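[1] sharing a model that was predicted from the sequence below.
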Amino acid sequence: MAELQIFHDSDVDLRHRAKHFTGRVVIYGGLLVWTVICLFPIYWTLTTSFKLAPNVMQGHLVPFLDFTPKWKGWESIGLSPRLIGQESTVREEFLKRFTNSTIAACASSILALILGSMAAYGLSRFQYRFGFMRNSDISFFFLSQLILPPVVLALPFLVLYKQLDLLDTRIGLILLYTLTVLPIVIWIMRDQFQAIPVELEEAALVDGLSIWGAFIAIVLPIALPGMVAAFILSLVLTWNEYFFAALLTSTDAKTLPVMVASQTGSQGINWWAMAALSASAILPLIVIGILLERFIIKGMAAGAGR
């Protein structure tokens, strides 16, 4: 009987391990498939930047097997090895658009993070009353601004910017982008600040710190992962923004997405140049995401733990 019991227990343990192993294989297999699906557009963009027209039209995907990589796409923006040491008008144009996008996206994201963090801190720590609106109504009001379609704001902003002489300027884009992402920053940071116990600030006040001192020394370090996550989201949204950049700029402040969309001509779309420009626009965000990954994960985990 004892031998039968031992055999039965080992059989149950074996089946349990097999079931556990099968479950892990299914989960990781599904994650692997989803990873391929998510990364394929980036792979397709990078490979297309090294293709010629026949390779693009025939759908060749694997370099050195389906097609021989060429630098035609990168030559079109002056970034190929052959042209990198020479003067290039298209490279200067690309660098100008890249600089415009960098300044507009970074400045607006930082400004929105500063203003949004202060507004979110106030909504999480104090009770406001504005007519019939309370804190929850004010927070929803900020978020509701995202519901309005951008095309509705096109004419008002066009007229306003013309009167203020902000058309085709970086400062005009920075102010507009700040207003665009400010509601998202407020919503994210409000949840971050609400997850921080008020007792920590009260203890800091007892120790002699001012309200601003407690905010900077106690609250900000704890909320840093959420702030980084909000900054990354704002940066991605402003970096990829096309509608207002195309509407409010023409020459001096034109951004990279507008330049990408302009790669069309009388004979069709210049796929290799568009792919090279798109790859140049994607790579900075990938690098930033990798460098700040741990902060993004902490920020998401902090919000999910509430």
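    Yep, that arrived. Numbering: from 1, shown residues only.
[2] which strand or helix spans the residue positioned nearest the centre of the chain?
    The geometric centre of the chain, computed from its C-alpha atoms, lies nearest to residue 236 (Cα atoms, centre = their mean), at 2.6 Å. Element membership for residue 236, per DSSP states H and E: helix 220-239.
[3] which residues are contacting whichever helix or strand comes after that helix?
    Sequence order places helix 243-248 as the next helix or strand after helix 220-239, per DSSP H and E. Helix 243-248 is contacted from outside by 104, 150-151, 154, 157-158, 161, 166-168, 172-173, 176-177, 180, 253-255, 257-258, 261, using Cβ atoms under 8 Å, 6 or more residues apart in numbering. Backbone N, C-alpha and C define where each C-beta goes, glycine included.
[4] give me that answer again for 6 Å
    Contacts with helix 243-248, where a contact means Cβ atoms under 6 Å, 6 or more residues apart in numbering, come from 150, 154, 161, 167, 176, 255, 258.
[5] from those, which ones fall inside helices?
    150, 154, 161, 176, 258 (DSSP state H).
[6] out of those, grab the one that's most surrounded.
    Across the ones in helices among the contacts of helix 243-248, neighbour numbers were computed from other Cβ atoms under 10 Å; residue 176 holds the maximum, 22 neighbours.
[7] distance of that one relative to residue 154?
    Residue 176 sits 11 Å away from residue 154, going by Cβ to Cβ, to the nearest Å.
[8] now do residue 61
    39 Å.
[9] and stretch 42-53, what's buried?
    Within stretch 42-53, the residues scored as buried using 16 or more other Cβ atoms under 10 Å are 45, 46, 47, 48, 49, 50, 51, 52.
[10] circling back: minimum pLDDT in the contacts of helix 243-248, which residue is that?
    By pLDDT, residue 150 ranks lowest within the contacts of helix 243-248, coming in at 85.
[11] ok, it - contacts?
    residue 243.
[12] what separates it from residue 232, distance-wise?
    Residue 150 is 22 Å from residue 232, by Cβ to Cβ.
[13] got it, and residue 244?
    Residue 244 is 21 Å from residue 232, by Cβ to Cβ.
[14] do the same with residue 83
    Between residue 83 and residue 232 the distance is 33 Å, computed by Cβ to Cβ.
[15] can you classify residue 69 as helix, strand or coil?
    Counting by DSSP: H, G, I helix; E, B strand; the rest coil, the backbone at residue 69 sits in coil.
[16] okay, the closest residue to it other than its chain neighbours: pLDDT?
    With Cβ to Cβ, 6 or more residues apart in numbering as the criterion, residue 69 has its nearest non-adjacent residue at 3.8 Å, and that residue is residue 50. pLDDT, residue 50: 89.
[17] alright, calling it a day.
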